[in-house]
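K.L.:
3D, please:
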Amino acid sequence: MKSCDQCGATNQNGARFCSLCLAPFSTAGPAAGSIDPPPTDTLPAAAKPQVKNIYEEMMAGVSLDDDRSVPESNAAVISETLRNRHLELRSSMELFNDAFFFWWENIRFYLLYGVALAFAMITSVNYLASSARPALMSLGDTASTPEQLMGGIFLTLVKFFAVIGLVSLVAYAALLTGTVKIAQGYKAGIINSTISGLLNLKSILWIIVLQGVAIGVALFPVTLAVAMLSGGSQSGRLLSTFLSGPLLSAIGAPFMMGMFVYLDQDARGLRAMAAGVSLVGNQWLKVAWRFFVFGVFLNVLMLFTQLSLFGAAIALFFAPGMYVIYPWFLYTNLRQMRTARENRASRQTAAAAGSPA
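P.N.:
Below is the predicted model:
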């Protein structure tokens, strides 16, 4: 037996490499004090068993000066395998798994976002209710015709929904910008995410309007078909209501990518929408299916927990974040696929140019 000079591990006399640290042994002879094995030349060479040294085959071509090196042929296979991995669209489960762990790793941000959103909504509703009550009472006294009364009520409702819509829009913009900044490696808190959302509010609103128009046009025939299939029955209406959100997400998947194109690549308006549609390309059905599965899962989760405190926590702290994180991971997956395709085309072009005629 002999000891390794690097780590002190005990090894067989005939070993060329340490079994623990893989350091090479000197070939000058056995270490001092070691015991030579008994002679084994009692059998003819032809009758000796041939032992296959698997370790030497594994280490073939590995430079001992750099333990990170890999045989060129193996390195090419590994590199090609990793590149091909980015040519595939990840499954719904993989995307949800990544999204969940991203949410968990940044749970503080999403919990604070939920608290801030609840506070903003409650404050807005209380303010609107306190200001609308005297206005409606005075309207009942001053309105001389039913038309004036209905007009006053309509204006009050418009004001109410405008304020709630503005609060929701600012909250959505803050959530979007905060999530993208965290994913890009920046620090993001509620305050600076809200400021960033306000600075990008105009562009985000414009993309939302374009998305709404595109999704509305695409969704109309599907909505009509679902309504006809439901036949006006109670179960049909419930099914239509339950599937409307996932269908909306699935059909609008290419247009939703435009929001991340804007935040990630600073392309605005129609250019962002066009870039999002181009990014999805011929993967539309696969992308739509992943959005649909994700939407159904969240709907089922919230349906079974809606009457509990746990359901309220999911609706406030978990669902809003996941509705942004999941599409973001799908967007990055699509970008990786495009980059991998472009790199493969470049390699093929370079190989064709370098090959002999």
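K.L.:
Quick check: Glu88 is in a strand.
P.N.:
No: counting by DSSP: H, G, I helix; E, B strand; the rest coil, one finds Glu88 to be coil, located in no strand.
K.L.:
Return the distance of it relative to Ala340.
P.N.:
According to C-beta to C-beta, to the nearest Å, Glu88 stands 9 Å off from Ala340. In this view, the C-beta of every residue, glycine as well, is placed from N, C-alpha and C.
K.L.:
now do Ala188
P.N.:
In terms of C-beta to C-beta, Ala188 sits 29 Å off from Ala340.
K.L.:
So which residues of the protein form strands?
P.N.:
2-3, 10-11 (DSSP state E).
K.L.:
neighbouring strands for the last one, and are they parallel or not?
P.N.:
As defined by DSSP bridges, the strand partners of strand 10-11 come to strand 2-3 (antiparallel).
K.L.:
Can you verify my assumption that Ala319 contacts Val300?
P.N.:
No: assessed by C-beta atoms under 8 Å, Ala319 is found out of contact with Val300, at 12.0 Å.
K.L.:
Pick out whichever of these two has more residues nearby.
P.N.:
With neighbours defined as other C-beta atoms under 10 Å, Ala319 and Val300 compare such that Ala319 has more, 16 against 11.
K.L.:
neighbours of the residue lying closest to that one once chain neighbours are set aside, just the number please.
P.N.:
Among residues not flanking Ala319 along the chain, Leu298 sits closest, at 5.8 Å (C-beta to C-beta, 6 or more residues apart in numbering). As a burial measure, Leu298 scores 21 neighbours (other C-beta under 10 Å).
K.L.:
correct me, but Leu298 touches Ile325?
P.N.:
No: using C-beta under 8 Å, Leu298 is not in contact with Ile325; the gap is 11.8 Å.
K.L.:
quick one: the helices in this protein?
P.N.:
54-58, 72-85, 92-105, 107-142, 146-183, 190-199, 201-230, 234-251, 253-265, 269-280, 284-305, 309-313, 319-354 (DSSP state H).
K.L.:
For the ones you listed, which has the smallest mean pLDDT value?
P.N.:
With a mean of 50, helix 54-58 has the lowest mean pLDDT of the helices of the chain.
K.L.:
ok so, going back, can you tell me which of the strands of the chain the model trusts least?
P.N.:
strand 10-11 (a mean of 75).
K.L.:
Need the residues that contact it.
P.N.:
1-4, 18-19, 25 (C-beta atoms under 8 Å, 6 or more residues apart in numbering).
K.L.:
Can you turn the buried subset of the residues you listed into a selection I can paste into ChimeraX?
P.N.:
ChimeraX command restricting those to the buried ones, with burial defined by 16 or more other C-beta atoms under 10 Å:
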select :2,4,18,25
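K.L.:
Format the contacts of strand 10-11 as TSV; extra columns: distance to Trp289.
P.N.:
Shown next, in TSV, are those (distance: C-beta to C-beta, whole Å):
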residue	distance to Trp289
Met1	61
Lys2	61
Ser3	60
Cys4	55
Cys18	52
Ser19	50
Phe25	57
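K.L.:
Name the nearest residue to Phe102, ignoring sequence neighbours.
P.N.:
Spatial nearest neighbour of Phe102, excluding adjacent residues (C-beta to C-beta, 6+ apart): Ile325 at 5.4 Å.
K.L.:
any idea how far Ile190 is from Ala116?
P.N.:
5 Å.
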